[in-house]
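[1] sequence plus the predicted model coming up.
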Amino acid sequence: GLVRVGQPMIPTSPIAVVVDPTGCDGTIPAIIPSMQHPYGDIPELTNLEAGRGIVRIPVEQDVPFTPRVRALVDTPEFQRLRQITQLGLVSRVYPGATHTRFEHALGVFHNALRYVWQLGRDPRFCETVDRHTVEVLMASALLHDLGHWPYCHPIEDLKLPGLPPHEAFAAEFLSDGSPLANVLQRDWNIEPGEVLDVLVTRTDTPAMRLVRSILSGPIDIDKMDYLGRDSLHCGVPYGRHFDRNRLMTSLVTNENGDGLAISTKGRTAAELMVFARYVMFSEVYWHHAVRSATSMFARAFFHLHDQLDLETFFRKSEAETIEELRRRAANGPYGGLLEGVFGTQRELYKRVGEFSFYEAPELYQRLAHQPYEWLVGLSDVLAEEVSGRIGQAVAPTDLLIDAPPPHREIEFDVEIYSPKARSYRNLRDVSPVIDALARTQFDDYVKRVRLFAHPRLTEPLSDPDRFSECLEKALGRVQPAETPRED
């Protein structure tokens with residue numbers, strides 16, 4: 001029989017028709033064997049429902065761990081993620097933030113299974129995405145961080161010439177004959193190129209756009225994991241206070257059938273997710289002390305990268321990365337930057353200036369989203385101006401400018417489906433929360449321009465007016481950046 005539990009109708013056979021995937025008719029079979037789900041014969045989905053063959057990760061997540069999943073996880077390419085922390089330099093401020101990409105990848109994979117289980121209720125999704133493509137999505141979710149190297153995001157933000165994005169770097173680990181490629185072909189019947197097509201766009205079809213929106217989009221499986229996981233390990237509540245289950249059970253395909261949308265029952269959960277993301281950026285990812293450590297690391301790497309064989313360097317563990325950078329910087333002008341972050345005595349630079357989009361819009365616009373090389377040149381000139389003003393030596397690396405990088409975060413642009421009206425609208429149009437916090441200017445709300453100085457300069461630079469005058473003079477001496485900003 002049927003029992004009303006506030007969920008959509010599930011197909012009772014592979015050819016059954018789902019009348020309403022959004023749950024408005026409120027009926028499902030009382031007991032739903034996984035084989036009656038359109039993708040229920042996929043082993044990992046069977047285990048998801050049965051709760052067997054699992055590996056447990058925080059917080060109390062039971063991740064299906066079938067033999068073919070284990071085969072991927074046991075490869076050298078995947079095991080290296082154990083040696084790369086998820087948040088990198090955040091642990092210099094939040095001591096518990098030492099969780100790894102390995103743990104995160106398992107969490108994202110678990111979310112992929114839950115998304116597929118929900119979207120299998122939507123006949124439009126099933127018509128667009130076949131069983132094989134679902135398995136490609138699952139493998140891609142598990143391997144989505146494969147190309148990450150230690151401190152990947154601060155390095156990528158430098159936009160160094162010839163530096164590939166980490167997604168492209170994943171191709172190195174999926175090359176023909178690699179252990180990972182062999183497992184995909186032998187155990188999953190998946191070609192490595194199919195996974196790469198999800199991670200780095202190569203083809204453009206409705207099915208692939210839909211799959212990519214699940215992995216990287218406004219309400220993707222990546223954010224759904226990292227917001228809560230980062231919050232947990234940092235010891236803060238901000239990223240955990242939204243209803244993931246409600247959001248997942250509201251998932252449907254969008255009006256064009258090539259991306260995700262949510263039903264009206266997921267609106268509040270989506271609003272809380274946007275707010276959670278906003279607070280995590282402002283209080284964790286862009287916390288001023290986190291950005292101080294990031295600025296010190298970035299400035300040192302910018303000057304040292306020409307000495308490195310990046311192909312070899314990016315394959316190192318996090319500990320090996322730190323060791324090599326400290327060794328190359330020892331006794332040089334950049335050694336103090338790295339020792340202050342990674343040395344035996346923590347000595348982070350102090351914030352001596354801060355400019356937001358709303359409090360100091362003119363200065364913010366002149367400094368935000370500029371090429372890093374231009375910011376380095378400006379900070380060098382600023383050091384000269386400050387030195388003359390305070391009457392003491394100021395080295396070029398004593399002052400660091402930290403600004404939002406050229407690229408912006410993904411805009412929260414998602415449709416909401418109303419079962420009663422049988423219509424789609426942009427969530428921003430019906431939610432003032434989304435309109436305020438998730439538009440293109442998200443970066444301008446949470447990312448500030450900051451100036452950091454060596455601790456010995458904190459007192460001489462305590463007068464903000466004098467410092468602002470030095471900054472204005474330095475800006476007047478530096479030519480505007482030639483590279484277009486990615487606004």
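    Done, it's in. Residues are numbered from 1 along each chain as shown.

[2] switch to C-alpha atoms for all contacts and neighbour counts from now on
    Will do.

[3] now for this structure, the helix or strand with the poorest mean pLDDT.
    strand 27-29 (a mean of 32; mean pLDDT, DSSP states H and E).

[4] in the next helix or strand after that one, which residues are buried?
    For strand 27-29, the following helix or strand on the C-terminal side (DSSP states H and E) is helix 43-50. In terms of neighbour count (16 or more other CA atoms under 10 Å), helix 43-50 has its buried residues at Pro43, Glu44, Leu45, Thr46, Asn47, Leu48.

[5] closest one of those residues to Tyr278?
    Leu48 (31.2 Å; CA to CA).

[6] leaving aside the residues adjacent along the chain, what's closest to that closest one?
    Pro64 (5.8 Å; CA to CA, 6 or more residues apart in numbering).

[7] who does that neighbour bridge with?
    Ile54 (DSSP bridges).

[8] hmm, it is touching Ile57, no?
    No. Counting by CA atoms under 8 Å, Pro64 does not reach Ile57; the two are 11.0 Å apart.

[9] okay, the two: which has more neighbours?
    Pro64 (26 against 13; other CA atoms under 10 Å).

[10] hang on, Val290 in a helix?
    Yes. Under DSSP: H, G, I helix; E, B strand; the rest coil, Val290 falls within a helix.

[11] what pLDDT does it get?
    Listed pLDDT for Val290 reads 98.

[12] same question, Ile15
    34.

[13] again with Ala436
    Ala436 is assigned a predicted lDDT (pLDDT) of 74.

[14] what's the one helix or strand it maps to packed up against?
    Ala436 belongs to helix 432-437 when assigned by DSSP H and E. Helix 432-437 is packed against helix 267-280, helix 427-430, with contacts defined by 3 or more CA pairs under 8 Å, 6 or more residues apart in numbering; DSSP states H and E.

[15] rerun that using 7 Å as the cut-off
    helix 267-280 (3 or more CA pairs under 7 Å, 6 or more residues apart in numbering; DSSP states H and E).

[16] roughly how far out does the helix it packs on sit from the chain middle?
    15 Å (CA atoms, centre = their mean, to the nearest Å).

[17] list of residues touching that helix?
    Applying CA atoms under 7 Å, 6 or more residues apart in numbering, the set of residues contacting helix 267-280 from outside is 227, 238-239, 241-243, 246-247, 433-434, 437-438, 446.

[18] show the average pLDDT along it.
    Mean predicted confidence for helix 267-280 is 93.

[19] next: stretch 307-326.
    On average, stretch 307-326 scores 94.

[20] and for Val449, the neighbour number?
    Applying other CA under 10 Å, I find that Val449 has 22 neighbouring residues.

[21] was I right about it contacting Pro405?
    No. Using CA atoms under 7 Å, Val449 makes no contact with Pro405, being 10.1 Å away.

[22] any common contacting residues for those two?
    Common contact partners of Val449 and Pro405 (CA under 7 Å, 6+ apart): Ala368.

[23] follow-up on the earlier one: check the offset of the helix holding Ala436 from the chain's centre.
    Mean-position distance between helix 432-437 and its chain equals 21 Å (CA atoms, centre = their mean).

[24] quick one: contacts of that helix?
    By CA under 7 Å, 6+ apart, helix 432-437 touches Glu271, Val274, Arg428.

[25] nearest to Thr458, of these?
    Val274 (35.9 Å).

[26] what is the burial count for the closest one?
    21.

[27] then Gly228?
    Neighbour tally, Gly228, other CA under 10 Å: 24.

[28] which helix or which strand is home to Val352?
    Per DSSP H and E, Val352 falls inside strand 350-355.

[29] next secondary structure after that strand?
    Defined by DSSP H and E, the subsequent element after strand 350-355 is helix 361-367.

[30] for that following helix, packing partners?
    With 3+ CA pairs under 7 Å, 6+ apart as the test, helix 361-367 has no helix or strand packed against it.

[31] for it, list every residue counted as buried.
    Buried residues in helix 361-367 (16+ other CA under 10 Å): Leu363, Tyr364, Leu367.

[32] distance to His132 and pLDDT for those - can I get that in a markdown table?
    Listed next are those as a markdown table, based on distance: CA to CA, whole Å; pLDDT from 0 to 100:
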| residue | distance to His132 | pLDDT |
| --- | --- | --- |
| Leu363 | 52 | 92 |
| Tyr364 | 48 | 93 |
| Leu367 | 47 | 95 |
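
[33] tabulate those residues (JSON lines), appending distance to Phe297.
    Converted to JSON lines, the buried residues of helix 361-367 look like this (distance: CA to CA, whole Å):
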{"residue": "Leu363", "distance to Phe297": "24"}
{"residue": "Tyr364", "distance to Phe297": "22"}
{"residue": "Leu367", "distance to Phe297": "19"}
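
[34] for the residue nearest to His144 when sequence neighbours are not counted, give its distance to Leu215.
    The shortest distance from His144 to any non-neighbouring residue, by CA to CA, 6+ apart, is to Leu199 (6.6 Å). Applying CA to CA, to the nearest Å, the value for Leu199 to Leu215 is 8 Å.

[35] the strands in the stretch 301-450 of the chain, which residues?
    Applying DSSP state E, counting those that start in this stretch to the stretch 301-450 of the chain gives strands spanning 350-355, 399-402, 415-418, 423-426, 449-453.

[36] who touches Thr75 in this structure?
    Pro179, Leu180.

[37] picking that back up, alpha carbons of the helix holding Ala436, in CSV - could you do that?
    What follows is helix 432-437, C-alpha atoms only, in CSV (Å, rounded to 0.1, in the frame of the first residue of the first chain):
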residue,chain,number,x,y,z
PRO,A,432,15.3,38.8,0.0
VAL,A,433,17.9,36.8,1.8
ILE,A,434,19.2,35.3,-1.5
ASP,A,435,19.0,38.7,-3.2
ALA,A,436,21.1,40.4,-0.4
LEU,A,437,23.7,37.7,0.2
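
[38] quick one: the strands in the stretch 151-300 of the chain?
    Remark: strands assigned in the stretch 151-300 of the chain by DSSP E, counting those that start in this stretch are 251-253, 260-263.

[39] need the pLDDT of Thr22.
    Reported pLDDT for Thr22: 45.

[40] err, Leu215, not the other one
    97.
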